[in-house]
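Participant: 3D, please:
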Amino acid sequence: MLPLYLVKTDFATTLKHAGLSVTAVRLSVLDVLTHHPHSDASRLYELVQQQIPTVSIQAVYNNLHALVEAKIIRDIKPKGQLSRYETRMHDNHHHLVCRHCDSVVDADCKGVAPCLSPSYNHGFTIDEAEVIFWGTCPSCQLSTQNGDR
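Facilitator: Predicted coordinates:
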């Protein structure tokens with residue numbers, strides 16, 4: 001059985017349930033993110049523009065903001081990088097970021113949410129931990145071993 005985030009979603013219904021208008025740009029952004037998770041706004045703009053040639057970069061930014069606010073998409077903010085976006089929501093997963101090529105991949109939580117617990121919770125009821133692991137991806141490791149870097 002496929003995980004929920006991999007099942008094709010009825011984006012129009014999702015938008016309506018969140019109280020958002022169903023627009024061509026929003027549908028395109030969601031479609032593109034389904035096929036290109038962890039893209040930044042510039043990359044999303046390029047891909048949406050292939051579907052809607054008249055779209056503006058500002059329209060893409062505005063829709064990303066609205067979709068994040070409505071909790072339909074997630075923004076990932078690796079330190080020192082542009083925000084990345086994904087449609088995978090409502091599970092406690094983390095991310096791996098390559099220090100060399102900036103690729104980002106999902107890393108499922110090894111245990112139950114939250115995967116990590118602070119030494120003192122200050123009275124908070126914690127339901128999620130956001131973790132970004134940093135390292136070198138297999139492709140960059142191979143390049144380094146071959147003397148390409």
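
Participant: Could you count how many residues lie near Pro138?
Facilitator: Per other C-beta atoms under 10 Å, the neighbour tally for Pro138 reads 9. All C-beta spots, glycine's among them, are computed from the backbone N, C-alpha and C.

Participant: Please tell me how far it sits from Glu128.
Facilitator: Computed as C-beta to C-beta, to the nearest Å, the Pro138 to Glu128 distance reads 28 Å.

Participant: what does Lys110 give?
Facilitator: Lys110 is 15 Å from Glu128, by C-beta to C-beta.

Participant: neighbour-wise, which of these two wins?
Facilitator: Glu128 (11 against 7).

Participant: Can you tell me the SS state at that one?
Facilitator: coil (DSSP: H, G, I helix; E, B strand; the rest coil).

Participant: how close does it sit to His65?
Facilitator: 21 Å.

Participant: just Asp40 next, same as before
Facilitator: Going from Asp40 to His65 by C-beta to C-beta gives 14 Å.

Participant: Contacts only, for the residue most central in space within the chain.
Facilitator: Nearest to the geometric centre of the chain sits Glu86, at 2.4 Å (C-alpha atoms, centre = their mean). Residues in contact with Glu86 (C-beta atoms under 8 Å, 6 or more residues apart in numbering) are 33, 37-38, 73-74, 76, 106.

Participant: Remind me which helix or strand Leu96 belongs to.
Facilitator: strand 93-98 (DSSP states H and E).

Participant: contacts for the following helix or strand past that strand?
Facilitator: Counting by DSSP H and E, the next helix or strand C-terminal to strand 93-98 is strand 104-108. Strand 104-108 is contacted by residues 37-38, 76, 78, 84, 86, 88, 91, 93-98, 131, 133, 137 when judged by C-beta under 8 Å, 6+ apart.
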